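J.: structure of the sequence below:
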Amino acid sequence: MISPSAILLLEFLSPSLVDQTQLRKQKTMAYSLPYSETTAKRERVTAPYGSWKSPITADIVSGASKRLGGISVDGEGCLIWLESRPNEAGRSVLVKEPEKPGDEPVDITPKEFAVRTACQEYGGGAFCISGDTLVFSNYKDQRLYKQSLHLKESLPLPITPDYGGPSVCYADGVFDSRFGRYVTVREDRRENSLNPTTTVVAIGLGEKDMQDPKVLISGNDFYAFPRMDPKGEKIAWIEWGHPNMPWDKAELWVGYISEAGFYKRLCVAGHNPKHVESPTEPKWSPEDKVLPLCPLNAEFARPLWVFGMNSYEVIQSDEQKTLIACSYRPMGRSHLAIIDVLQSSLVSLDIPFTDIQDITAGNNCLYIEGASGVLPTSVAKVSFNDERSEVIDFQIIRSSSPDKLIEFPTIVPGQNAYAYFYPPSNHFYQASQEEKPPLLLKSHGGPTRETRGVLNLSIQYWTSRGWAFVDVNYGGSTGYGREFRERLLGCWGIVDVDDCCSCAEFLVESRKVDGNRLCITGVSAGGYTTLAALAFRETFRAGASLYGVADLNMLKAETHKFESPYLDNFVVSAKDCYERSPINFVEKFSCPIILFQGLEDKVVPPDQGRKIYAALKQKGLPVALVEYEGEQHGFRKAENIKFTLEQQMLFFARLVRRFDVANEITPIKIDNLD
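T.: Numbers count the residues shown, from 1 in each chain. Have a look, this model is predicted:
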């Protein structure tokens, strides 16, 4: 493997998690191929960092930005997955694995439909399969539809009423075969779009006359994971209320279910005020009891940002033992494991994924949605021997990368500089030994999310052109335990900003990057960290904020219900809200900024970008604002993903100087510069 000192992409952990001695020993990760002896024989081209040619174009990146949004199997054990397609305006489609190896997968979603729910804005849990029957949420009208999987040319039929618009959303459903209905979470925005009512409802599947769903559970702010027991007699669910987020404090309930509703309800976990518990993802096993299975200093689940997550699966072995296939995540790296319920033992399975999203049981196999530093987000089939807990076969079924693989550049070590090989031209690019690369630091969203060390072509786009790229898991990121995540409580705009600035400064001190060409970017909460770092620190020379927050008080007043109390956990007082809002300290900004915003964003409304843009323009700083019609919180259309990527690079190239981009990109107008 190549020397860590020659790697352009750096995966960085917050300095507060480890001491400086440990930090300086920490390994970095390259999203590249190993050094080849033949590479050194190619024609060498000396060119400034940032100006190198790359086969990883913005078109390839935008086309590769497919999102995999859930996996399931039908009654015959065939794999079905959900993928969004940037080249189809972000349309989400259910796809079925081919019947014969080598054949193409088959779309089962008709072209006039898109499988996506707007529940809690972030969605998830947009479909469910039982045998031959599929129920899914259609994005345009947010109604639920029923479709037969085995009848060719079967058209989806609506099973929920038409309310005249997408004002009622459904997510995270499950079939109730005993009473012939579908039990699901419903978000009703008809009376108040900013404060919708969330309930668990039942929807008849066989009725000729469509009726309003029957409310089964109500009274709390939020519900998720309604799950039936194998006999259809009992149901489990989780619920929580303001001011908590589900990963802060939630309750797990179970109850007997009848056609009329519930009875004998019992709160199983989360009810004791002396204990802080956040149960999630309930499932029923043959052993109907509550007991700890395998205590481990790791995270077995993810924060509930989206519905329908599936971090584990209960399976029966040939030995009639109850086993649980699960993922666990110590120190930001995922592992696949099998837990023997009777023995409370855990055995890890060796697979190439270092990041695991979802697990689904198939016929004598597992289907895993995951990725690694050299594998993009993919769905894989894992066959294993449950007696020896050994992997027999690992096969990629679907990948989010381009359909036609490209030959990646190879980053290779130089004595004092970085270099890389560009296959199409047989050129070996390098910079002068005196030069250090510009740095782009990324701050992830959430802020209770994390950056995961997986292959990402949007990052390769930068590194293959000679940029250093660092992705920071600052204090508050998940994946490292509750204590690390809670470092951000009361300190948003301080801890995250300090960690990002410390990271950049450390790389400058280590002589890995050019201290005069430090840039920062971030999306959503990461956009806020970007703006705060530019307003309250002097570390960076330019920044890009993608649908970021500029005014914390405005965010509290306008954001959606799910996150409306979220800010109170991180910025406690009104004084703090004012003092940590970049919009209130425009005079402290001193460098150029480019802003990108979706006009249908209900999480961070468009006025956030417009407000900071107008203020910076009036101050006289170089600034640009790009707004996209039809985009929400996160860009899904290929043309917008491409435009955002290219304009960020061109903006930084023009403003931090010393290099020209290799590609021909038409620049947008930059106020106070052009």
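J.: what about the longest helix along the chain, average pLDDT?
T.: The residue-count maximum for a helix in the chain (DSSP state H) belongs to helix 638-656. Per-residue pLDDT values over helix 638-656 give a mean of 94.
J.: buried residues in it?
T.: Going by neighbour count (16 or more other C-beta atoms under 10 Å), the buried part of helix 638-656 is 638, 640-656. No exception for glycine: its C-beta is placed from N, CA and C like everyone else's.
J.: got it, and stretch 218-238?
T.: Under the neighbour-count criterion of 16+ other C-beta under 10 Å, stretch 218-238 has 220-229, 234-238 buried.
J.: run a quick neighbour tally on Asn364.
T.: 12 (other C-beta atoms under 10 Å).
J.: tell me the secondary structure at the residue nearest to it when sequence neighbours are not counted.
T.: Nearest non-adjacent residue to Asn364, counting by C-beta to C-beta, 6 or more residues apart in numbering: Ser383, 6.8 Å away. Secondary structure assignment for Ser383 (DSSP: H, G, I helix; E, B strand; the rest coil): strand.
J.: over to Arg44?
T.: Looking at Arg44 with three-state DSSP, the answer is strand.
J.: and if you look at the one 5 residues further on?
T.: Reduced to three states with three-state DSSP, the structure at Tyr49 is coil.
J.: same check on the one 3 residues further on?
T.: Classification of Trp52 using three-state DSSP returns coil.
J.: ok, Ala638 - contacts?
T.: 62-63, 65, 86-87 (C-beta atoms under 8 Å, 6 or more residues apart in numbering).
J.: the same query, at a cut-off of 7 Å, please.
T.: Contacts for Ala638 (C-beta atoms under 7 Å, 6 or more residues apart in numbering) come out as 62-63, 86-87.
J.: against Phe113, how distant is it?
T.: 20 Å (C-beta to C-beta, to the nearest Å).
J.: equivalent analysis for Lys96, please.
T.: From Lys96 to Phe113 the distance is 15 Å (C-beta to C-beta).
J.: among the two, which residue is more densely surrounded?
T.: Set Lys96 next to Phe113 and count neighbours by other C-beta under 10 Å: Phe113 wins out with 21 against 16.
J.: what about the protein, any weak spots by pLDDT?
T.: Counting by pLDDT under 70, the ranges of the chain that qualify are 1-42, 64-65, 207, 209, 288, 317-319, 388, 402-427.
J.: helices of that one, start to end?
T.: Using DSSP H, helices in the chain cover 20-25, 58-63, 457-463, 482-485, 495-509, 525-536, 552-558, 566-570, 574-579, 607-619, 638-656.
J.: dump the ones you listed into a markdown table; add distance to Leu441 as well.
T.: Below are the helices of the chain laid out as a markdown table (distance: least, C-beta to C-beta, whole Å):
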| stretch | distance to Leu441 |
| --- | --- |
| helix 20-25 | 16 |
| helix 58-63 | 19 |
| helix 457-463 | 11 |
| helix 482-485 | 20 |
| helix 495-509 | 5 |
| helix 525-536 | 9 |
| helix 552-558 | 22 |
| helix 566-570 | 21 |
| helix 574-579 | 24 |
| helix 607-619 | 19 |
| helix 638-656 | 12 |
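J.: for Leu266, find the nearest of these.
T.: helix 482-485 (25.7 Å; C-beta to C-beta).
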